[in-house]
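Visitor: my questions are about this predicted structure, shown below with the sequence.
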Amino acid sequence: MPLLPAHAERGALRIGLTPVFLDDQLSFLTRWRTWLERRLQRPVAFVQRGNYREVLDLVRGGKIDFAWVCGYPYVRYRRDLRLVAVPLWRGRPYYQSYLIVPADDEKTNSLSDLRGKVFAYSDPDSNSGFLYPQYRLTALGENPSTFFSRIFFTWGHRKVVEAVGVGLADGGAVDGYVWETLAEVQPALTDATRVIERSPDLGHPPFVARPDIDAAELRQFRAALLDMPGDAEGAELLHLLRLDGFIAGHPSLFDEIARMAVRVRLM
Amino acid sequence: MIALADLSLRWKIPLRVMAAVLGTALAVTAALVTREYDEMRQNLEAHAKSLARVLANTLVAPVLHDDIWRAYEILQSARDPVAIAPELQADVVLVTDAEFRVFVSSRPRVFPIGSSPASQGGAYGRLRAALMEGKSTAQQVIEPADSAYYFVMSPLVADGVALGHVILGYSKISFLPRFIGLVGRAAFVTLLVLLLIVPVSWVWARRTGAPLLALAEAMRHVPGDLETARLAQLPRSRDEIGQLGDAFGRMVGELKKKEELEDQMLVTERLAAVGRMSAGIAHEINNPLGGMLTAIKTYQRHGAGDPLANQTLSLLERGLSQIRNTVAALLVETKPKDRLFEPADIDDLLILVEAEAHARSVSVVTEGSLDSPLPLPATLLRQILLNLLLNAIAAADQGGHVRLGLTTEPAMLRLSVCNDGKHIPDEQMAYLFEPFASGREKGYGLGLWVVYQIVQQLNGGLTVDSEPGCTTFKVDIPYVKN
């Protein structure tokens, strides 16, 4: 392993995480980090920030090596980032954006019913939690910035579920993969909400690398992710993530997101 | 309330003491509960104020940045999920903006974002008006009069500008269980204390009343039954009741003495009347009697001869002599010249009664003695003692005892004759010294009458004291030393 000393000199591999998955399960993160360290033969550090933007800035600026981000910022900064891997959820590299309302609200059945209401987005850099509903409203001929009486960001999909569940918001946009995972892990939270709309399949939030990443390093990290199902502990970790594995993926997976972004920005 | 006034002290004192104890207990409990309630209120208010202040400080940034979710999270973190003191938990927390619209609330379903709290009506309707009255940058406690809620409002101030308010709403009803618990505990403690104090107080109160009751009971026998009143168990103490008891004892004593004196005077007066009458009758009888006896003597001396006449006159003479003796016995006369009463007279008397005593197996004992002759008429004193001793021997039980007591004082001779056996019944006592009043079949019943007459003439005193098993005659005779 000739590369090992060089890696050791550079110190820990830094991986940025965002709430595209349930990133608040610290015991899980510890296990995953340990597994990666053993697999990569070098220290690994997870870097978490209050919103997507900070993590994106870190990876684009080369302050961290890899990051698990949303498809929307990936397409926006495609030139500054390199695609590493895409998760397989239910066997496919796709997920959906869910439009949710409080479970006790039986009258609201579509996005257009939420006119003049309070709406919760997860993060302005989220595809499922911001771009998709914006795009939908635009497609409906509405102005997303005036359609709702009030909007707010919760900076996390889980918190969108909470905000809608307690009635703080009349509706919210949430990552379908996170919602479904929560439904298994903490059903009490999702039970307080009802999904009224689901988006078409969109590219699942991918792992990206900083622009100047060493090719071997990228290859090694990608291999580690792709090999997770082949390893008992890795498979266990994947099960906890409710994922089936990773694929190398192709940037074209996110073309639909890019198209929506262009459409919204044209407004 | 007449019924209460008429109630016996036996109940009145304990009941009043009980009322005082209960009143005190209630007053103390009420005071404690009030104090505790005030403290609780102050605690709650202080807690609410500090919480509102902290929230207001923390919420400035989220409100400025329009970060609703962050503000909501702060409100949630201020809630205690496991409430140790439920009444410290705010019922609702509202964060309002400068236009008094809900920015965020702890109960979003009731107070949705952007709505006006006043739309809830009731106390919330009046919140804004109250808000306008106070200084916009000062904390306020608002308690609408007829509302079940009260509010603590803290302004959200950034750089001297009011951005809105943090309003903590507390339900007064949530306060109630703790207050009821408080009253319950206080009542329980009071009950325990009462359980301890009531019996003690009751006993004390009964004890306080007891002497008065005893006194009242004794007084009920006055004046009808002085003896019972005298024997009553009266309180012995130096306090007022004790003094009252003493005074009552003295009063009963005086009354009894007066009653006795009256009885005695009655007897004395009657005896004096009897004396005067018998003296008069004796005088009237003695005069013709003397003549008749002289006539008979004269006849016997000079005209004796007719045996029948002699026999008849002799019969008359005996009869007249008996009348003279009887009259003489009724009319005791002091002989101006008599010899002194000497110690030998006592010995003579004992010898004289010895035969009678022996016949009834009664022992006669002498206590005290005369040391020297006394300037008193010996014949009369012998008569007194002889009569009393014979009476005593006759009254004593078969094989009983008679005691003769003698005491000489510088100007007084005290004699007493005492016997056992049956006592003199009360109804007989009043007529004891009257002539022919004897209950006995033997004798004329003049013995005590004679004694009385002699003692009267010698300016002495005569008392009799008769109880079962002991009857005592006491004679005090004054004398003048040469």
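Guide: Thanks, I have the structure now.
Visitor: and B:I173, how many neighbours?
Guide: The number of residues packed near B:I173 is 11, by other C-beta atoms under 10 Å in any protein chain shown. For glycine as for every other residue, the C-beta is placed from the backbone atoms N, C-alpha and C.
Visitor: okay, now the closest residue to it other than its chain neighbours: neighbour count?
Guide: Nearest in space to B:I173, with sequence neighbours left out and distances taken as C-beta to C-beta, 6 or more residues apart in numbering or on different chains, is B:A148 at 5.7 Å. Neighbours of B:A148 under the rule other C-beta under 10 Å: 14.
Visitor: what of B:L59?
Guide: 25.
Visitor: which residues does the residue lying closest to B:P343 once chain neighbours are set aside contact?
Guide: Nearest residue to B:P343, sequence neighbours excluded (C-beta to C-beta, 6+ apart): B:L370, at 4.2 Å. Neighbour list for B:L370: B:F341, B:E342, B:P343, B:I346, B:L406, B:T408 [criterion: C-beta atoms under 8 Å, 6 or more residues apart in numbering or on different chains].
Visitor: please give the element, helix or strand, for the fourth one.
Guide: Element membership of B:I346 [criterion: DSSP states H and E] is helix B:343-359.
Visitor: hang on, the residue nearest to B:P343 is in a strand, isn't it?
Guide: No. Assigned with DSSP: H, G, I helix; E, B strand; the rest coil, B:L370 falls outside any strand and is coil.
Visitor: tell me the contacts of A:G171?
Guide: Counted by C-beta under 8 Å, 6+ apart, A:G171 has contacts A:L99, A:I100, A:V101, A:T108, A:L111, A:L114, A:K117, A:V118, A:F119, A:A120, A:V164, A:I196.
Visitor: closest to the centroid, which residue in chain B?
Guide: The centroid of chain B falls nearest to B:P211 when counting by C-alpha atoms, centre = their mean (2.1 Å).
Visitor: how about stretch B:413-433: buried residues?
Guide: B:L413, B:R414, B:L415, B:S416, B:V417, B:C418, B:N419, B:D420, B:G421, B:H423, B:L432, B:F433 (16 or more other C-beta atoms under 10 Å in any protein chain shown).
Visitor: quick one: residues contacting B:A129.
Guide: Going by C-beta under 8 Å, 6+ apart, B:A129 touches no other residue.
Visitor: now the strands for chain A?
Guide: In chain A, the strands defined using DSSP state E lie at A:13-17, A:44-48, A:66-68, A:82-88, A:94-95, A:97-102, A:118-121, A:150-153, A:171-175, A:193-198, A:202-203, A:207-209, A:245-247.
Visitor: distance of A:D201 relative to B:L156?
Guide: Separation of A:D201 from B:L156 (C-beta to C-beta, to the nearest Å): 45 Å.
Visitor: what does A:R263 give?
Guide: For A:R263 relative to B:L156 (C-beta to C-beta), the value is 40 Å.
Visitor: more neighbours: the two, which one.
Guide: B:L156 (25 against 14).
Visitor: and that one, that one's in a helix?
Guide: No. Counting by three-state DSSP, B:L156 is not found in a helix; it is strand.
Visitor: element containing the residue nearest to it when sequence neighbours are not counted?
Guide: If the residues on either side of it in the chain are set aside, B:L156 comes closest to B:L163, at 4.3 Å by C-beta to C-beta, 6+ apart. Assigned by DSSP H and E, B:L163 belongs to strand B:161-171.
Visitor: what residues sit buried inside that strand?
Guide: For strand B:161-171, the neighbour count (16+ other C-beta under 10 Å) marks B:L163, B:G164, B:H165, B:V166, B:I167, B:L168, B:G169, B:Y170, B:S171 as buried.
Visitor: helix or strand right after that strand?
Guide: helix B:176-219.
Visitor: packing partners of that following helix?
Guide: Helices and strands touching helix B:176-219, as assessed by 3 or more C-beta pairs under 8 Å, 6 or more residues apart in numbering or on different chains; DSSP states H and E, comprise helix B:9-64, helix B:226-231, helix B:240-302.
Visitor: which stretch among those comes nearest B:P177?
Guide: helix B:9-64 (11.9 Å; C-beta to C-beta).
Visitor: hmm, that closest one in reach of chain A?
Guide: No. Helix B:9-64 stays clear of chain A (C-beta under 8 Å from any C-beta of the partner chain), getting no nearer than 10.0 Å.
Visitor: dump the residue contacts of the residue nearest to A:D123 when sequence neighbours are not counted.
Guide: In this structure, A:D123 finds its nearest non-sequential neighbour in A:Y52, 5.0 Å apart by C-beta to C-beta, 6+ apart. Going by C-beta under 8 Å, 6+ apart, A:Y52 touches A:T18, A:V69, A:C70, A:P73, A:D123, A:P124, A:D125, A:S126.
Visitor: so can I have JSON lines of those residues showing pLDDT?
Guide: Shown next, in JSON lines, are those (pLDDT from 0 to 100):
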{"residue": "A:T18", "pLDDT": "91"}
{"residue": "A:V69", "pLDDT": "93"}
{"residue": "A:C70", "pLDDT": "92"}
{"residue": "A:P73", "pLDDT": "92"}
{"residue": "A:D123", "pLDDT": "92"}
{"residue": "A:P124", "pLDDT": "92"}
{"residue": "A:D125", "pLDDT": "91"}
{"residue": "A:S126", "pLDDT": "93"}
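Visitor: and B:T471, what does it touch?
Guide: Going by C-beta under 8 Å, 6+ apart, the list of residues near B:T471 reads B:A392, B:A395, B:C418, B:N419, B:D420, B:G421, B:H423, B:I424, B:V464, B:D465.
Visitor: that one: what secondary structure?
Guide: Classification of B:T471 by three-state DSSP places it in strand.
Visitor: is it bridged to anything, and to what?
Guide: Beta-bridge partners recorded for B:T471 (DSSP bridges): B:N419, B:S466.
Visitor: do the one 4 residues further on as well
Guide: With DSSP bridges applied, the residues forming beta bridges to B:V475 are B:L415, B:L462.
Visitor: around it, count how many other residues there are.
Guide: B:V475 - counted by other C-beta under 10 Å - has 23 other residues nearby.
Visitor: just checking, it touches B:I384?
Guide: Yes. Counting by C-beta atoms under 8 Å, B:V475 touches B:I384, with 6.2 Å between them.
Visitor: now for these two: what residues contact both?
Guide: B:L415, B:V451, B:V455.
Visitor: just send those back as JSON lines, with distance to A:A169 too.
Guide: Listed next are those as JSON lines, based on distance: C-beta to C-beta, whole Å:
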{"residue": "B:L415", "distance to A:A169": "130"}
{"residue": "B:V451", "distance to A:A169": "133"}
{"residue": "B:V455", "distance to A:A169": "131"}
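Visitor: tell me, how many residues neighbour B:L293?
Guide: B:L293: 16 neighbours (other C-beta under 10 Å).
Visitor: do you know how far the residue nearest to A:D123 is from A:V208?
Guide: Distance from A:Y52 to A:V208, by C-beta to C-beta: 12 Å.
Visitor: any common contacting residues for the two?
Guide: Shared contacts of A:Y52 and A:V208 (C-beta under 8 Å, 6+ apart): A:V69.
Visitor: low-confidence bits of chain A, can you list those?
Guide: Applying pLDDT under 70 to chain A picks out residues A:1-10, A:266-267.
Visitor: ok, B:R107 to chain A distance?
Guide: Remark: distance between B:R107 and chain A (C-beta to the nearest C-beta, to the nearest Å) = 8 Å.
Visitor: now for residue 198: which residues touch it?
Guide: Chain wasn't specified; assuming chain A. Contacts of A:R198 (C-beta under 8 Å, 6+ apart): A:Q96, A:S97, A:Y98, A:L99, A:G176.
Visitor: actually chain B
Guide: Here B:V198 is in contact with B:M18, B:V21 (C-beta under 8 Å, 6+ apart).
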